[in-house]
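Peer 1: coordinates only, sequence not included:
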């Protein structure tokens with residue numbers, strides 16, 4: 001249905017969600033493999049290995065051949081299973097711990113091809129060096145980065161602790177670009193932020209599910225209750241949240257649900273993957289100690305609530321949205337989510353490497369599989385007043401090659417490939433939409449979420465309006 005866009009690579013604009021995983025770190029014993037090893041196929045593998053070693057145009061290291069053989073075997077399974085070399089395994093652990101070595105800036109691509117500072121992280125080297133939100137990075141160590149891939153720009157800014165990097169910045173009120181030298185340090189990310197956005201209404205954003213997320217959320221909710229004693233509604237913002245630790249998702253949902261409520265279930269080949277997870281500390285606490293949710297005021301169990309989602313909401317964030325939707329605890333507002341309903345387990349291998357392997361599908365409390373389908377909002381609202389912005393360009397799970405199928409729905413009934421969405425995608429591309437600043441005064445979806453909490457009319461998405469009009473025409 002969408003060959004022209006896919007072939008042009010335009011669907012890669014926006015979040016690709018390469019880290020969109022719900023993860024468990026596990027070294028539990030696996031069940032023994034009952035089938036004998038396929039001898040003939042192993043002989044073919046051995047013959048191919050020997051052939052490359054003897055006949056290839058130049059020598060190839062054994063390590064490279066065997067590593068690529070493992071990577072190819074795992075990568076062929078589904079888009080989220082992967083072999084992790086030493087560097088990739090370290091970076092994954094850093095991401096879940098909320099720590100990394102860098103400058104401490106949240107960045108995005110600007111409209112003119114440079115890197116835009118969305119926000120410096122509080123007390124980070126970037127903040128101490130005077131870098132401000134809205135600054136544009138035009139050069140890194142003297143080399144222009146115009147139209148450079150964002151991941152490549154990040155790599156150039158990362159490095160060893162205590163080393164320096166020179167950024168050339170362009171600031172709207174500065175007469176000319178200027179250089180800032182920043183020393184790389186270990187950065188502790190905060191995955192939770194929030195504020196009072198209107199009298200009586202709070203906004204809390206979870207950007208990723210990391211080890212400290214549940215503790216950070218509990219502290220933020222307690223602080224908001226102190227800042228606004230007469231809270232009447234809460235918006236939980238999960239837009240562009242790519243996922244993370246399963247325990248983090250369970251803990252975030254548990255903050256708003258009654259004790260003992262089911263949050264998610266999983267099912268796979270292993271006995272350990274056939275499980276139900278509830279709002280109890282043993283399911284979300286990663287270590288012994290005091291329950292972090294004990295500090296959350298009781299009002300958050302009953303306060304009217306909206307969850308904001310978009311196409312960038314994936315995996316663990318879909319677990320939270322699904323649990324709060326099924327239990328009727330919150331209204332889901334925004335765009336359909338990514339649709340990644342599988343759990344990846346990290347199995348360590350020798351040499352500080354690992355395999356990230358899909359081991360289960362997960363299901364909402366009502367037994368819905370989100371895989372390749374996503375969470376459909378109760379109140380569909382576009383990213384902007386006139387269109388769905390970058391959401392129209394983002395890939396979803398159903399767009400990925402070799403994606404795992406949905407075992408409880410007929411997938412062809414829920415794919416997004418239709419003429420309306422194709423037109424919306426082309427319109428968004430033509431307008432070159434810039435990334436949205438979540439929680440700002442220009443945040444259209446947040447404004448509509450607040451209107452929903454206040455009982456006011458909400459502007460529904462163009463897609464929802466078109467579908468309603470088409471249905472009305474068929475009934476006349």
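Peer 2: In hand now; what should we look at? For clarity, every value in this text was computed on a predicted model and none was experimentally measured. Numbering: from 1, shown residues only.
Peer 1: Give me the phi and psi for the nearest residue to residue 113 once chain neighbours are set aside.
Peer 2: Once flanking residues are discounted, residue 113 sits nearest to residue 147: 4.2 Å by C-beta to C-beta, 6 or more residues apart in numbering. In this view, the C-beta of every residue, glycine as well, is placed from N, C-alpha and C. Dihedral pair for residue 147: phi 70, psi 10, per degrees, to the nearest 10.
Peer 1: since we're on residue 147, how many residues are nearby?
Peer 2: 9 (other C-beta atoms under 10 Å).
Peer 1: go on, residue 39?
Peer 2: Using other C-beta under 10 Å, residue 39 has 8 other residues around it.
Peer 1: Helices of the protein, start to end?
Peer 2: Under the criterion DSSP state H, the chain carries helices at the ranges 3-8, 39-55, 62-75, 86-97, 125-128, 150-157, 213-227, 246-254, 281-284, 316-326, 419-431, 444-453, 462-475.
Peer 1: Of all the ones you listed, which one is nearest residue 343?
Peer 2: helix 246-254 (6.5 Å; C-beta to C-beta).
Peer 1: now the closest one: mean pLDDT?
Peer 2: Mean pLDDT, computed over helix 246-254, is 95.
Peer 1: now what about that helix, what contacts it?
Peer 2: 22-24, 206, 209-211, 213-214, 217, 236, 243, 261, 263-264, 277, 279-280, 283-286, 292-293, 316-317, 319-320, 323-324, 343 (C-beta atoms under 8 Å, 6 or more residues apart in numbering).
Peer 1: Now a ChimeraX select for only the buried ones of these.
Peer 2: Command for ChimeraX that selects the buried part of the contacts of helix 246-254, burial taken from 16 or more other C-beta atoms under 10 Å:
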select :22,23,24,206,209,210,211,213,214,217,236,243,261,263,264,277,279,283,284,285,292,293,316,317,319,320,323,324,343
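Peer 1: and the residue nearest to residue 113, how far is that from residue 274?
Peer 2: 48 Å (C-beta to C-beta, to the nearest Å).
Peer 1: now residue 310
Peer 2: Residue 310 sits 31 Å away from residue 274, taking C-beta to C-beta as the criterion.
Peer 1: more neighbours, those two?
Peer 2: Counted by other C-beta under 10 Å, residue 310 and residue 274 do not tie: residue 310 has more neighbours, with 31 against 12.
Peer 1: about what we covered before: how confident is the prediction for the residue nearest to residue 113, by pLDDT?
Peer 2: pLDDT, read off for residue 147, is 84.
Peer 1: just residue 73 next, same as before
Peer 2: Looking at residue 73, its pLDDT is 89.
Peer 1: Check residue 406 too.
Peer 2: 75.
Peer 1: what's around residue 83, how many residues?
Peer 2: Count around residue 83 with other C-beta under 10 Å applied: 21.
Peer 1: quick one, what contacts it?
Peer 2: So residue 83 contacts 67, 70, 71, 74, 75, 353, 354, 355, 356 (C-beta under 8 Å, 6+ apart).
Peer 1: how much space between the residue nearest to the third one when sequence neighbours are not counted and residue 400?
Peer 2: Which is residue 71. Counting by C-beta to C-beta, 6+ apart, residue 71 lies nearest to residue 83, which is 4.1 Å off, once chain neighbours are set aside. Computed as C-beta to C-beta, the residue 83 to residue 400 distance reads 18 Å.
Peer 1: repeat for residue 310
Peer 2: Taking C-beta to C-beta, one finds residue 310 at 18 Å from residue 400.
Peer 1: go on, residue 463?
Peer 2: 21 Å.
Peer 1: ok, and the closest non-adjacent residue to residue 304?
Peer 2: Per C-beta to C-beta, 6+ apart, closest to residue 304 is residue 233, 4.6 Å.
Peer 1: Quick one: neighbours of residue 221, just the number.
Peer 2: By the criterion of other C-beta under 10 Å, residue 221 has 24 neighbours.
Peer 1: And for residue 449, nearest residue in space, chain neighbours not counted?
Peer 2: Spatial nearest neighbour of residue 449, excluding adjacent residues (C-beta to C-beta, 6+ apart): residue 306 at 4.4 Å.
Peer 1: repeat for residue 462
Peer 2: Nearest one to residue 462, counting by C-beta to C-beta, 6+ apart, is residue 382 at 6.0 Å.
Peer 1: again with residue 105
Peer 2: residue 126 (4.5 Å).
Peer 1: Repeat that for residue 240.
Peer 2: Closest to residue 240 by C-beta to C-beta, 6+ apart is residue 312, at 3.7 Å.
Peer 1: Strands of the stretch 301-450 of the chain, residue ranges please.
Peer 2: 305-309, 331-334, 342-348, 354-363, 379-380 (DSSP state E, counting those that start in this stretch).
Peer 1: Touching the last one from outside, list them.
Peer 2: By C-beta under 8 Å, 6+ apart, the list of residues contacting strand 379-380 from outside reads 331-336, 448, 452, 458, 460-461, 463-464.
Peer 1: Most neighbours among those residues, please name it.
Peer 2: Neighbour count (other C-beta under 10 Å) singles out residue 334 as the most crowded of those, with 31 neighbours.
Peer 1: so what's it up against?
Peer 2: Counting by C-beta under 8 Å, 6+ apart, the residues that residue 334 touches are 239, 308, 309, 310, 313, 377, 380, 381, 445.
Peer 1: Reformat those as a markdown table; add pLDDT.
Peer 2: Output for the contacts of residue 334, formatted as a markdown table (pLDDT from 0 to 100):
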| residue | pLDDT |
| --- | --- |
| 239 | 93 |
| 308 | 98 |
| 309 | 96 |
| 310 | 92 |
| 313 | 90 |
| 377 | 96 |
| 380 | 95 |
| 381 | 95 |
| 445 | 95 |
